[in-house]
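In: sharing a model that was predicted from the sequence below.
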Amino acid sequence: MDTGPDALRRWLDTHAGGGVGELSVEPIAGGRSNPTYRLTDGRRRWVLRRPPFGHILPSAHDMGREHRVLTALAATGVPVPRTVGLCRDESVIGAPFYVMDMIDGVALRTRQDTARLTAGQRAGLADGMVGTLARLHEVDPAAVGLAGWGRPAGYLERQLRRWSAQWEASVTRPRPQVAELLRRLGATAPGCRHPGIVHGDFKIDNLLVDRDDPTRILGVLDWELSTLGDTLTDLGILCSFWDQEGEFHNPITAGATALPGFPTRQEVVQAYAAARDVEIEGLDWYVVFADFKIAVILEGIHARHLPGHTDDARFEGLDATVDVLLDRALERASCSVVAGLRG
């Protein structure tokens, strides 16, 4: 935190119903993007999220967007933490932030975490993930006050422009894969057939599950990229992070779902299509785009890490990880059933 907890305690006291005692503040490990902290006064517990330190990509890390969507989804059946308040006054901790209630759940971040589950629990967790994503995508944005929160029409074209600009804003060295991917994706971008609320980073380690029943999802976290758009981009992200045995694993999830009990990627897609009663066409485009977007995000983190704005050991080696993701995106594009993606 940039300042002591006194100013934060005073702010929290006015937003959490009063009676907030002396605060203890400690960072929560796990996130690679927005720093997250655990707050407690010995009786109650909260979570604080703020933008990253140092180099920040334009339009990224908007605390207000995260706070707004969490607040809007509170009564929808999509499991999200209850928001406490949003603070744009940077004098409190040195940056904008928001606070939410802490969920007493477990994050399954690694293969070691999911290896502790039984095969039946893994299957149940996968069912819960697919059901949760489908439930989110079926929420009527207007009914929860998010009608003007984004523009589904032209969403994918704008996404390509945005992530191309994000790449240029954070690139640490030239990579020819980027121009080729953007050329192919731009030439084949589909229309927005399934508009709705997009999470933007839906994967297993952005969930909190029940400690006693890991098939029960208590909270979906990390909504910084959420908007209104093409909901199939979330399915593409989920597929990018859905590791299978015998295949290259996404460097972030590193094999977390490549264990008995977890369904195949194709089975996940089929279950999602059945849950929403929709036809899934051209998903290759969304998976290739997901690999590219993840590479851009990691390049942004790498750009912050180089001058010492982050000192987390997990950020070492991100330079090579970016190349691996870009190469996989090109390989997937070259094998796609979408003709224009093949080159």
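Out: Yep, it's here.

In: what's the burial count for A143?
Out: 11 (other Cβ atoms under 10 Å). From N, CA and C alone the C-beta is placed, and that goes for glycine too.

In: repeat for A254
Out: Applying other Cβ under 10 Å, we find 13 residues neighbouring A254.

In: residues contacting the nearest residue to it once chain neighbours are set aside?
Out: Distance criterion Cβ to Cβ, 6 or more residues apart in numbering; nearest residue to A254, sequence neighbours excluded, is R111 at 6.0 Å. By Cβ atoms under 8 Å, 6 or more residues apart in numbering, R111 lies in contact with A254, G255, A256, A258, L259.

In: in three-state terms, label the most centrally placed residue in the chain for me.
Out: The centroid of the chain falls nearest to D201 when counting by Cα atoms, centre = their mean (2.4 Å). What DSSP: H, G, I helix; E, B strand; the rest coil gives for D201 is coil.

In: that one and V288, how far apart?
Out: According to Cβ to Cβ, to the nearest Å, D201 stands 17 Å off from V288.

In: same check on E267?
Out: Taking Cβ to Cβ, one finds E267 at 20 Å from V288.

In: could you do A273 as well?
Out: Counting by Cβ to Cβ - A273 and V288 are separated by 19 Å.

In: of the two, who's got more company?
Out: The neighbour comparison of A273 against V288 (other Cβ under 10 Å) goes to V288, with 26 against 16.

In: helix or strand for that one, which one?
Out: helix 283-305 (DSSP states H and E).

In: can you read off the pLDDT for T172?
Out: Per-residue confidence (pLDDT) for T172: 89.

In: that one contacts I301, correct?
Out: No. Between T172 and I301 there is no contact, the gap being 10.7 Å when judged by Cβ atoms under 8 Å.

In: the two: who's more crowded?
Out: Just comparing T172 and I301: by other Cβ under 10 Å the higher neighbour count belongs to I301, 23 against 14.

In: surely that one touches L318?
Out: Yes. Counting by Cβ under 8 Å, L318 is a contact partner of I301 at 6.0 Å.

In: most neighbours, which of the contacts of R111?
Out: A256 (25 neighbours).

In: just say helix, strand or coil for it.
Out: coil.

In: H15 contacts V99, doesn't it?
Out: Yes. Under the criterion of Cβ under 8 Å, H15 makes contact with V99 at 7.0 Å.

In: okay, and the common contacts of these two?
Out: Taking Cβ under 8 Å, 6+ apart as the criterion, H15 and V99 both touch V84, G85.

In: so the two - more neighbours on which side?
Out: The neighbour comparison of H15 against V99 (other Cβ under 10 Å) goes to V99, with 23 against 16.

In: N250 versus the residue lying closest to that one once chain neighbours are set aside, what's the distance?
Out: In this structure, V99 finds its nearest non-sequential neighbour in V84, 4.3 Å apart by Cβ to Cβ, 6+ apart. Per Cβ to Cβ, V84 is found 33 Å from N250.

In: V99 belongs to a strand?
Out: Yes. Membership of V99 in a strand is supported by three-state DSSP.

In: so it bridges to which residues?
Out: Applying DSSP bridges to V99 yields these beta-bridge partners: L48, G85.

In: check contacts around it.
Out: L12, H15, A16, L39, W46, V47, L48, R49, T83, V84, G85, C87 are the contacts of V99 under Cβ under 8 Å, 6+ apart.

In: now these in CSV, with pLDDT and distance to P176?
Out: As requested, the contacts of V99 are exported to CSV (pLDDT from 0 to 100; distance: Cβ to Cβ, whole Å):
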residue, pLDDT, distance to P176
L12, 96, 49
H15, 96, 49
A16, 94, 51
L39, 96, 45
W46, 97, 46
V47, 96, 41
L48, 96, 41
R49, 94, 36
T83, 97, 43
V84, 97, 46
G85, 97, 46
C87, 96, 43
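
In: which of those sit farthest apart?
Out: Spanning the widest gap among these are A16 and R49, at 15.6 Å by Cβ to Cβ.

In: if you count surrounding residues, which of the two has more?
Out: Using other Cβ under 10 Å, the more surrounded residue of A16 and R49 is R49, with 25 against 17.

In: so the more buried one touches Y98, yeah?
Out: Yes. The pair R49 and Y98 passes the contact test of Cβ under 8 Å, sitting 5.9 Å apart.

In: tell me, what's touching the two both at once?
Out: With Cβ under 8 Å, 6+ apart, R49 and Y98 have common neighbours M63, E66.

In: for Q121, see how far away the closest residue to T118 other than its chain neighbours is.
Out: Nearest residue to T118, sequence neighbours excluded (Cβ to Cβ, 6+ apart): G261, at 7.0 Å. Going from G261 to Q121 by Cβ to Cβ gives 7 Å.

In: also L70?
Out: Applying Cβ to Cβ to L70 and Q121 gives a distance of 27 Å.

In: more neighbours, those two?
Out: Neighbours were counted for L70 and for Q121 using other Cβ under 10 Å; L70 has more, 23 against 16.
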